[in-house]
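Asker: next come a sequence and a model predicted from it.
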Amino acid sequence: KSRTCTTNLQNEVWGVLKHSFSKTSSDNKVYGVNLGGWMVLEPWVTPSLFYQFLGKGENEVAMDSYSFCQALGPAEGNRQLKRHW
């Protein structure tokens, strides 16, 4: 069910974006910021933070900010994330 919700949301967002940009001329520029790896913790963007989980069990591995702090504990997770930010 959550996959369907995600797909519906993606389709809805894409529809709005497609409609918005179809009315603009080709010389209009769109500016944005990618926060991946800085404010959004992603192992494939910042792998160095996740090397410490290599060889650990499934319940001891982090894949995002929540599981990062869950695996390391709040104090250590917060310390490492503050240093990263």
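Answerer: Done, it's in. Just so it is clear, the model here is predicted, and its values are computed rather than measured.

Asker: surely L49 touches H84?
Answerer: Yes: counting by C-beta atoms under 8 Å, L49 does reach H84; the two are 6.1 Å apart. Every C-beta, even on glycine, is put in place using the N, C-alpha and C of the backbone.

Asker: Q70: neighbour count?
Answerer: If you count neighbours by other C-beta atoms under 10 Å, Q70 ends up with 14.

Asker: for P43, which non-adjacent residue is closest in space?
Answerer: F50 (4.4 Å; C-beta to C-beta, 6 or more residues apart in numbering).

Asker: spit out the residues that contact L49 and H84 alike.
Answerer: Both L49 and H84 are contacted by L41, under the criterion C-beta atoms under 8 Å, 6 or more residues apart in numbering.

Asker: who's more crowded, those two?
Answerer: L49 (18 against 13).

Asker: distance check, the more buried one against C69.
Answerer: 12 Å (C-beta to C-beta, to the nearest Å).

Asker: what pLDDT does the model give the residue nearest to P43?
Answerer: You'll see F50 listed with a pLDDT of 89.

Asker: what's the local residue count around it?
Answerer: Counted with other C-beta under 10 Å, F50 comes out at 16.
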